[in-house]
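[1] missing the sequence, but the structure's below:
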């Protein structure tokens, strides 16, 4: 079978090079041939991670692949999924080795061209070898410019440094990044994804179902296609797997309302410069009268995301099988995704929900819909000064709350949670963590700034900070890396 192998030496740290080059969402910057690169799933267990992703090239061709990463031996193996054509198969191995001058990155691609394709194995070999060398060279340029301090040569002390021409592409694209959000939100509001799922495939069919002007819609469809939210075959539009799962409004996994909710945060982001000058937030979402009105619509939108995750967590903890009759406390409960999952598994369990009064009204509707309302107690209380009874709960769930409170209030609440748990009771924490060692990951920075805009002292914790706060409180800390893209922290009261 044909095999192509190319190598290059990159000056830098092997861990950083391994993580950046295998960060799928950066591939549009690292490769010159991908229009979009979408991460579909990420599951990590200790040294290994498996990722599934979707790539679209400049010609608009889209395919899915999987990749397994070994963070200890710095090895990645991958395989092209569907559609495989024009290949019969495509297997890839990337290895990383410390050498003099940096890290030797080697790519090996084993493949065979489908006999129906117009390309031969020999022709494919030549093209792939050329592209691999060009791409590795670009990887090297991007990474070394990021890692090192570039010093321009100066012809004389009296002259300006001679700088290479750099097009302002990043500046322009970043300036107009808001337009991507606007296009996506418009598509969600107009239910474009839902209409496609229900059989509207051509621009004319989609325009008729959505009640919009077809010429204008065709421009919007073009933007969605470029961003990777849609696929197109001829004149027919199709949803991506992510769109099928999350963007069809009559499916239980629908998450489009999460996107629409972000509109109420735009004014704060527009005033970011003023917030940075003063250090004061534009609003305080962790306090009334703002909190209930802010979180009320949001909790309905995110139920479809958190509820199935909590089902998986409680099943792993053997709730309803080994453990029955559990007392569950959900802090910042929203509309009770964790308690709903717990009480459906444990028919003898009971849950206590703590949140703003307006939010708990939505929670009551949700738990009644799931038939568990007679086993739920509601506490409309402020987490800033919450006092809990001692030795009462088997599980306490805190989902995306600690970063809103900030370190001081988090430490106080952890102490209350500790005394409220029974011996061997568990605190389950869902959070988005800051990753200073992976500074190139943008979303944790967005979360941190969002807390700056909307809270007096909130911020994204690092996983190490969260673990230390828990240990200082007396918890034994366990971290699950294989449930979702962010670690799940399970802390046990000893």
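    That came through fine. The shown structure was predicted, so the numbers you read here are calculated from the model rather than taken from an experiment.

[2] show me where pLDDT drops low in this protein?
    1, 147-167 (pLDDT under 70).

[3] domain map for it?
    What automatic domain parsing lists as the domains of the chain is 3-146, 178-254, 276-493.

[4] and the strands in the stretch 101-250 of the chain, which stretches?
    Taking DSSP state E, counting those that start in this stretch as the criterion, the stretch 101-250 of the chain carries its strands at 102-113, 230-233, 236-239.

[5] out of those, which is closest to residue 141?
    strand 102-113 (13.2 Å; C-beta to C-beta). For every residue, glycine as well, the C-beta is placed using N, CA and C.

[6] gap between that closest one and the chain center?
    A distance of 28 Å separates the centroid of the chain from that of strand 102-113, by C-alpha atoms, centre = their mean, to the nearest Å.

[7] by contact count, what packs against it?
    strand 3-10, helix 14-21, strand 87-99, helix 121-147 (3 or more C-beta pairs under 8 Å, 6 or more residues apart in numbering; DSSP states H and E).

[8] and the second one, what's buried?
    Read it as helix 14-21. 14, 16, 17, 18, 19, 20, 21 (16 or more other C-beta atoms under 10 Å).

[9] list just the nearest of those to residue 62.
    residue 21 (21.7 Å).

[10] now the closest one: closest residue in space that isn't a chain neighbour?
    In this structure, residue 21 finds its nearest non-sequential neighbour in residue 139, 6.3 Å apart by C-beta to C-beta, 6 or more residues apart in numbering.

[11] quick check: that neighbour touching residue 30?
    Yes - counting by C-beta atoms under 8 Å, residue 139 touches residue 30, with 5.5 Å between them.

[12] find the residues that touch each one of those two.
    Common neighbours of residue 139 and residue 30, counting by C-beta atoms under 8 Å, 6 or more residues apart in numbering, are residue 21.

[13] that older thread, for the helices and strands packed on strand 102-113, which one sits closest to residue 271?
    Per C-beta to C-beta, nearest to residue 271 of the helices and strands packed on strand 102-113: helix 121-147, 30.6 Å.

[14] and the angle from that closest one to strand 3-10?
    Helix 121-147 runs at 20 degrees relative to strand 3-10, counting by axes from the mean of the first three to the mean of the last three C-alpha atoms, to 10 degrees.

[15] other SSEs contacting helix 121-147?
    strand 3-10, helix 14-21, helix 27-30, strand 102-113.

[16] could the helices and strands packed on strand 102-113 go into a markdown table alongside distance to residue 425?
    Output for the helices and strands packed on strand 102-113, formatted as a markdown table (distance: least, C-beta to C-beta, whole Å):
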| stretch | distance to residue 425 |
| --- | --- |
| strand 3-10 | 48 |
| helix 14-21 | 35 |
| strand 87-99 | 43 |
| helix 121-147 | 45 |
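
[17] residue 200 is nearest to which of those?
    strand 87-99 (32.4 Å).

[18] quick revisit: so of the domains of the chain, which one's packed in deepest?
    domain 276-493 (a mean of 18; mean count of other C-beta atoms under 10 Å).

[19] got the end-to-end distance for that domain?
    39 Å (C-alpha to C-alpha, to the nearest Å).

[20] equivalent analysis for stretch 275-287, please.
    Termini of stretch 275-287 sit 18 Å apart (C-alpha to C-alpha).

[21] what sits against the residue nearest to residue 388 when sequence neighbours are not counted?
    In space, and not counting its chain neighbours, residue 388 is closest to residue 420: 3.6 Å by C-beta to C-beta, 6+ apart. Contact partners of residue 420, counting by C-beta under 8 Å, 6+ apart, are 329, 388, 389, 390, 391, 392, 393, 396.

[22] any idea how far residue 420 lies from residue 485?
    Distance of residue 420 to residue 485, given as C-beta to C-beta, to the nearest Å: 29 Å.

[23] secondary structure element for the nearest residue to residue 336 once chain neighbours are set aside, which one?
    Nearest residue to residue 336, sequence neighbours excluded (C-beta to C-beta, 6+ apart): residue 363, at 4.6 Å. Using DSSP states H and E, residue 363 maps to helix 357-369.

[24] same deal with residue 354?
    Going by DSSP H and E, residue 354 is in strand 350-355.

[25] can you say which of the helices and strands packed on strand 102-113 is nearest to residue 40?
    strand 87-99 (17.4 Å).

[26] and that closest one, how far out from the chain's middle?
    Worked out by C-alpha atoms, centre = their mean, strand 87-99 lies 26 Å from the chain centre.

[27] phi, psi of residue 282?
    As for residue 282, its main-chain torsions (degrees, to the nearest 10) stand at phi -80, psi -30.

[28] list the residues that contact it.
    Counting by C-beta under 8 Å, 6+ apart, residue 282 has contacts 267, 268, 271, 275, 453, 454.

[29] closest one of the residues you listed to residue 313?
    Out of the contacts of residue 282, the member with the shortest distance to residue 313 (by C-beta to C-beta) is residue 454, at 27.1 Å.

[30] relative to residue 265, how far out is that closest one?
    Distance from residue 454 to residue 265, by C-beta to C-beta: 7 Å.

[31] for residue 312, same thing?
    For residue 312, the distance to residue 265 - C-beta to C-beta - is 29 Å.

[32] rewinding a little: could I get the strands of the stretch 101-250 of the chain as JSON lines with distance to residue 209?
    What follows is the strands of the stretch 101-250 of the chain, written out as JSON lines (distance: least, C-beta to C-beta, whole Å):
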{"stretch": "strand 102-113", "distance to residue 209": "41"}
{"stretch": "strand 230-233", "distance to residue 209": "15"}
{"stretch": "strand 236-239", "distance to residue 209": "12"}
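
[33] out of those, which is closest to residue 177?
    Nearest to residue 177, of all the strands of the stretch 101-250 of the chain, is strand 230-233, at 19.2 Å by C-beta to C-beta.

[34] packing partners for the closest one?
    helix 214-227, strand 236-239.

[35] can I get these in TSV with distance to residue 400?
    Shown next, in TSV, are the helices and strands packed on strand 230-233 (distance: least, C-beta to C-beta, whole Å):
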stretch	distance to residue 400
helix 214-227	26
strand 236-239	28
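
[36] for residue 75, which of those is the nearest?
    helix 214-227 (31.8 Å).

[37] mind giving me the packing neighbours of that closest one?
    Using 3+ C-beta pairs under 8 Å, 6+ apart: helix 214-227 touches strand 34-45, helix 177-189, helix 192-197, helix 203-210, strand 230-233.

[38] give me the contacts around it.
    Helix 214-227 has contacts (C-beta under 8 Å, 6+ apart) with 35-36, 60, 179-180, 183-184, 186-187, 192, 203-204, 206-207, 210, 230-232, 237.

[39] again, 10 Å this time
    35-36, 38, 56, 60, 62, 179-180, 182-184, 186-187, 190, 192-193, 196, 202-208, 210, 212-213, 229-232, 237, 243 (C-beta atoms under 10 Å, 6 or more residues apart in numbering).

[40] is it correct that residue 66 is in contact with residue 80?
    Yes - counting by C-beta atoms under 10 Å, residue 80 is a contact partner of residue 66 at 8.9 Å.

[41] start and end of stretch 28-36, how far apart?
    Per C-alpha to C-alpha, the first residue of stretch 28-36 is 6 Å away from its last.

[42] ranges for the strands of the stretch 251-400 of the chain?
    327-331, 350-355, 376-380, 393-399.

[43] let me see the contact set for residue 489.
    Per C-beta under 10 Å, 6+ apart, neighbours of residue 489: 398, 402, 427-431, 433, 463, 466-467, 470, 475, 477-480.
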